[in-house]
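A.B. asks: I'll drop the sequence and a predicted model, then ask my questions.
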Amino acid sequence: MRSILRRFNVYGDFWPRFLNWGVRHCPWYVEPAILFGFTILFFLVLGKARRAVAANLRVILPGCSWFGANLRVLRVFWNFAWTIDDEAQVRNHGAVINWEISGLKHLQELESSSGGGILLTAHMGNYDIAAPVFAEKFKRTIHMVRTPERDSESQDYQHQHRARQQSAAFVIHYNEPGNMLGVELARCIGDKGIVAIQGDRILFDVSSMTVPFDEQHTWRLPRGPFLLALITRCGIHPVFIIRMGYRRYRIDARAPFSINPKHGDGKEAAQMEAAQQWSKILREVVINHWRQWYVFEPAFDAVNKKEGA
């Protein structure tokens, strides 16, 4: 009985199965109403996630009433509902998304480079449906790094669907304990591949770095992308996927940067410098597009609390 009930929790496989069934049978004109209904349901049920998003938004956008803060949280949940719906639509109906590109010259720079590279992005917009688009554009293999689902049945179900997306030009890697993923990704970059990885969220036992967000707060960012760039000496290319409206997304590419240890400085200092550079870029994007920053865990620590610990 417990295993059956587990399938109905927020991480269980019932919900992705139900979503895939829904997008195959739901008329487009009732889709917004159904999504809004489920948005309200999960907003009310997921108290821990709701409070975490509210706490994050108070740091990003300070000075808001309790009602205003919860309204902002609802908008994050609403955008997230559309994001996962769009992913299911692509799985079942193909190319239904309209794309626009900002910073095309930076993508062309990566495409024309002679070596591999790192596409560093965030949990926003729609990472899953954008990666295959990159794979179609670039002449080299895209290696997308994902965190496995928290529920084993969900992981099996999602893996089956994602496996259909894979090809010689698009490969999915799961960041699981003990799988030596860093070594594999370094080899992929050495073979002129492009690694797409998210750099704004800490889950499970991922190694992290504490970086200033503003004068009052720090946030923890994954160490992996910066260590990988240091080892392979490849460039880091910030790319964000922004949801612009109904079935419409923008690829926002920023100027690349690299890790270059200065004489006398250690590898730790070089990684921290790169992490701080990424933090500045990420902070701007998160502030401007807070409605679709999908981090449902506390992201920030107060500086005074850390100093007093």
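C.D. replies: Cool, the structure landed.
A.B. asks: so where's the stretch 201-309 of the chain uncertain?
C.D. replies: Counting by pLDDT under 70, the stretch 201-309 of the chain contains low-confidence ranges at 263-265, 304-309.
A.B. asks: can you rerun that using 50?
C.D. replies: Within the stretch 201-309 of the chain, the ranges that satisfy pLDDT under 50 run 306-309.
A.B. asks: That one: helices as residue ranges?
C.D. replies: 224-232, 267-288, 303-308 (DSSP state H, counting those that start in this stretch).
A.B. asks: Can you add mean neighbour count and distance to residue 194 and give those back as JSON lines?
C.D. replies: The C-beta positions use only the backbone N, C-alpha and C, and glycine is treated the same way. Listed next are the helices of the stretch 201-309 of the chain as JSON lines, based on neighbours: other CB atoms under 10 Å; distance: least, CB to CB, whole Å:
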{"stretch": "helix 224-232", "mean neighbour count": "21", "distance to residue 194": "12"}
{"stretch": "helix 267-288", "mean neighbour count": "17", "distance to residue 194": "17"}
{"stretch": "helix 303-308", "mean neighbour count": "10", "distance to residue 194": "36"}
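A.B. asks: Distance to residue 156 added to those, as TSV?
C.D. replies: Listed next are those as TSV, based on distance: least, CB to CB, whole Å:
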stretch	distance to residue 156
helix 224-232	25
helix 267-288	32
helix 303-308	40
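A.B. asks: how far away is residue 220 from residue 55?
C.D. replies: According to CB to CB, to the nearest Å, residue 220 and residue 55 sit 14 Å apart.
A.B. asks: Looking at these two, which is more packed in?
C.D. replies: Under the criterion of other CB atoms under 10 Å, the comparison of residue 220 against residue 55 puts residue 220 first, with 18 against 15.
A.B. asks: Neighbours of the nearest residue to residue 49 once chain neighbours are set aside, how many?
C.D. replies: In space, residue 49 comes closest to residue 296 once its chain neighbours are excluded; the distance is 4.1 Å by CB to CB, 6 or more residues apart in numbering. Close neighbours of residue 296, defined as other CB under 10 Å, add up to 20.
A.B. asks: so what's residue 296 up against?
C.D. replies: Listed by CB atoms under 8 Å, 6 or more residues apart in numbering, the contact partners of residue 296 are 46, 49, 52, 53.
A.B. asks: and it, what are its phi and psi?
C.D. replies: phi -100, psi 20 (degrees, to the nearest 10).
A.B. asks: Likewise for residue 294?
C.D. replies: Backbone torsions of residue 294, given as degrees, to the nearest 10, read phi -100, psi 70.
A.B. asks: Report the buried residues of stretch 88-104.
C.D. replies: 88, 89, 90, 91, 97, 103 (16 or more other CB atoms under 10 Å).
A.B. asks: now the third one, nearest residue through space, not along the chain?
C.D. replies: Beyond its immediate neighbours in the sequence, the residue positioned closest to residue 90 (CB to CB, 6+ apart) is residue 129, lying 4.9 Å away.
A.B. asks: residues contacting that neighbour?
C.D. replies: Counted by CB under 8 Å, 6+ apart, residue 129 has contacts 86, 87, 90, 97, 249.
A.B. asks: And what about the first one, helix, strand or coil?
C.D. replies: This means residue 86. For residue 86, the assignment made with DSSP: H, G, I helix; E, B strand; the rest coil gives helix.
A.B. asks: What's the separation between it and residue 78?
C.D. replies: For residue 86, the distance to residue 78 equals 13 Å [CB to CB].
A.B. asks: Which one of these two is surrounded by more residues?
C.D. replies: The residue with more neighbours, out of residue 86 and residue 78, is residue 86; 22 against 18, by other CB under 10 Å.
A.B. asks: hang on, the earlier thing: identify whichever of the helices of the stretch 201-309 of the chain lies nearest to residue 73.
C.D. replies: Residue 73 sits nearest to helix 267-288 of all the helices of the stretch 201-309 of the chain, at 14.8 Å, using CB to CB.
A.B. asks: With only the CA atoms kept, save the closest one in PDB.
C.D. replies: Listed next in PDB are the C-alpha coordinates belonging to helix 267-288 (Å, rounded to 0.1, in the frame of the first residue of the first chain):
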ATOM      1  CA  LYS A 267      43.000  26.300  -8.500                       C
ATOM      2  CA  GLU A 268      40.500  27.200  -5.700                       C
ATOM      3  CA  ALA A 269      40.900  30.900  -6.300                       C
ATOM      4  CA  ALA A 270      40.500  30.500 -10.100                       C
ATOM      5  CA  GLN A 271      37.300  28.500  -9.600                       C
ATOM      6  CA  MET A 272      36.000  31.100  -7.100                       C
ATOM      7  CA  GLU A 273      36.700  34.000  -9.600                       C
ATOM      8  CA  ALA A 274      34.800  32.100 -12.300                       C
ATOM      9  CA  ALA A 275      31.900  31.300  -9.900                       C
ATOM     10  CA  GLN A 276      31.600  35.000  -9.000                       C
ATOM     11  CA  GLN A 277      31.500  36.000 -12.600                       C
ATOM     12  CA  TRP A 278      28.800  33.500 -13.300                       C
ATOM     13  CA  SER A 279      27.000  34.700 -10.100                       C
ATOM     14  CA  LYS A 280      26.800  38.300 -11.500                       C
ATOM     15  CA  ILE A 281      25.300  37.100 -14.800                       C
ATOM     16  CA  LEU A 282      22.900  34.700 -13.100                       C
ATOM     17  CA  ARG A 283      21.800  37.300 -10.600                       C
ATOM     18  CA  GLU A 284      20.800  39.700 -13.300                       C
ATOM     19  CA  VAL A 285      18.800  37.100 -15.200                       C
ATOM     20  CA  VAL A 286      17.100  35.800 -12.000                       C
ATOM     21  CA  ILE A 287      16.000  39.300 -11.000                       C
ATOM     22  CA  ASN A 288      14.700  40.100 -14.500                       C
END
